[in-house]
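K.L.:
Have a look; sequence and predicted model below, questions after that.
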Amino acid sequence: MNKRIYIAGCGGMLGEAFHAQFKDGYKLKCTDKNINEDWLSFLDFRDLDAYREDVKEFNPDYLFHLGAYTDLEFCEENADDTYATNTLAVENAVYLANELDIPLLYISTAGIFDGKKELYDDWDFPNPLGAYARSKYMGERFVVENAKRYLVCRAGWMMGAGPEKDKKFIQKLMKQLKNGQKELFIVNDKDGTPTYTHDFAKNVKHLIEQGYWGLYNMVCGGQTSRLEVARELLKILKLESSVKIKTVNSDHFKETYFAERPPCERLDNRKLKIRGANLMKDWKVALREYITDYYQGYFQQ
C-alpha cells in the first residue's frame, strides 16, 4: 500500500516539482492558500486548528511543509506577517508531526548565511541578515531542536516550474528577453548555487526512502555567480551574440531590491557527498534541462 504524504504550501514552484516526483509512488494530499492546480485543496497553515484538522483527517506517513514567503522586500516590509508564515507556521508543523509521530520535511535556504565565507558546508554556523533569512533560520532551528524525526534541506537559487510559477532570477531574465530586451543588467557581486526544483525533489525522495534524517545542504553542483548564470542562459538560448550583458553592482538595483542580501550564498553538499546520497546535477546541465522542458515555444507565445 502506498505511503501517504501531506504536502502543505504546495502551490509554488517547489510544490509543482514535489507533486510531479511523488505522485506516482505515494498517496498525496497537496494544500495551499492559493488554489492554482486541480490537485490542490485550500489550507492556510498559519491556522493551527485548521492545519491540525486537515492533517489528522488525512492521517499521513510524512508531513512536508514547503510554503514560505520568499520575496525579500515583502518580508522586510511585513516582518510580523513573515514570521507568522515562515516561522510560527513551521512550529505548527512540528507540533503536528510530533503528535502523529511522523517525520517532517522543512525547506531551508542558503540565504541564512551572511556571505562572509566563499563556501558553506552543512556544519557552518548561520548568521541571517534580514527578516526573510531570520524567519527561515528560526524555522530551521525549531525543527532541528524540537521535531522527533525531521529532514531539513537547504536550497540555493531556486529555478523551476516555468513562466507561470517561477518568480526567481531565470524567469525574470526570460521575461526581459521575451519583451525584446537586447541588453541585460546583471550584478557582478553575487555568488551562489542554482537549485533545480525537480532534482531537489528527487534527492529528498532518495533521503526519505533511505531513512537518512537530519540537516542537508542540497544545491546543484558547481559554484557560480549571477553573472555566469546569465551568460550560460544566453548560450543555451543561442542569444549570446544578439543580447549584451552589462555588468553592474548591486547598488544599481538598490531601490527595487533594498533588502540586504549576502554577497555569497554558495553551498557545498558535503554531507550528501559523504553519505553517497548526492543526486544533484551540475547547475549548467540542470539549467539546460529546465529551459528545454519548460520554455519550448516561449518566445513564440
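P.N.:
Looks like it came in fine.

K.L.:
separation between the closest residue to residue 96 other than its chain neighbours and residue 280?
P.N.:
For residue 96, ignoring the flanking residues on the chain, the nearest one in space by CB to CB, 6 or more residues apart in numbering is residue 55 at 5.1 Å. Placement of C-beta: from N, CA and C, glycine included. Distance from residue 55 to residue 280, counting by CB to CB, to the nearest Å: 29 Å.

K.L.:
Please apply the same query to residue 144.
P.N.:
22 Å.

K.L.:
between these two, which one's more packed in?
P.N.:
The residue with more neighbours, out of residue 144 and residue 280, is residue 280; 24 against 15, by other CB atoms under 10 Å.

K.L.:
Assign a three-state SS to the more buried one, would you?
P.N.:
Look at residue 280: counting by DSSP: H, G, I helix; E, B strand; the rest coil, its state is coil.

K.L.:
Could you pull up the contacting residues of it?
P.N.:
By CB atoms under 8 Å, 6 or more residues apart in numbering, the contact set of residue 280 is 195, 199-200, 203, 218-221, 269, 272, 286.

K.L.:
can you tell me how far it sits from residue 223?
P.N.:
Residue 280 sits 13 Å away from residue 223, taking CB to CB as the criterion.

K.L.:
And for residue 270?
P.N.:
Counting by CB to CB, the gap from residue 270 to residue 223 is 13 Å.

K.L.:
ditto for residue 100
P.N.:
When residue 100 is compared with residue 223 (using CB to CB), they lie 39 Å apart.

K.L.:
out of those two, which sits in the busier spot?
P.N.:
Counting neighbours by other CB under 10 Å for residue 100 and for residue 223 shows that residue 100 has the greater number, 20 against 17.

K.L.:
Give me the subset of the contacts of residue 280 that lies in strands.
P.N.:
residue 195 (DSSP state E).

K.L.:
quick one: which two of the contacts of residue 280 are the most distant?
P.N.:
272 and 286 (15.3 Å; CB to CB).

K.L.:
which helices and strands does the longest helix along the chain pack with?
P.N.:
Longest helix in the chain by number of residues, with DSSP state H as the criterion: helix 131-146. Secondary-structure packing of helix 131-146 (3 or more CB pairs under 8 Å, 6 or more residues apart in numbering; DSSP states H and E): helix 72-77, helix 79-83, helix 89-100, strand 104-109, strand 150-155.

K.L.:
Just the CA trace of that helix, in CSV.
P.N.:
This file holds the C-alpha atoms of helix 131-146, laid out as CSV (Å, rounded to 0.1, in the frame of the first residue of the first chain):
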residue,chain,number,x,y,z
ALA,A,131,13.7,39.4,8.1
TYR,A,132,13.4,36.7,5.4
ALA,A,133,16.7,35.0,6.4
ARG,A,134,15.9,35.3,10.1
SER,A,135,12.4,33.9,9.7
LYS,A,136,13.7,30.9,7.7
TYR,A,137,16.6,30.2,10.1
MET,A,138,14.4,30.3,13.2
GLY,A,139,12.1,27.8,11.4
GLU,A,140,15.1,25.6,10.7
ARG,A,141,16.2,25.8,14.3
PHE,A,142,12.8,25.0,15.7
VAL,A,143,12.6,21.9,13.6
VAL,A,144,16.1,20.7,14.5
GLU,A,145,15.6,21.3,18.2
ASN,A,146,12.0,20.0,18.6
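
K.L.:
That one: which residues count as buried?
P.N.:
Across helix 131-146, burial judged by 16 or more other CB atoms under 10 Å covers 131-143.

K.L.:
And the helices in the chain?
P.N.:
13-22, 48-58, 72-77, 79-83, 89-100, 131-146, 169-178, 197-210, 226-236, 270-275, 283-294.

K.L.:
what's the most buried one of those helices?
P.N.:
helix 13-22 (a mean of 22; mean count of other CB atoms under 10 Å).

K.L.:
can you give me how far it is from the chain middle?
P.N.:
The chain centroid and the centroid of helix 13-22 are separated by 11 Å, computed with CA atoms, centre = their mean, to the nearest Å.

K.L.:
same deal with stretch 224-231?
P.N.:
On the basis of CA atoms, centre = their mean, stretch 224-231 sits 18 Å off its chain's mean C-alpha point.
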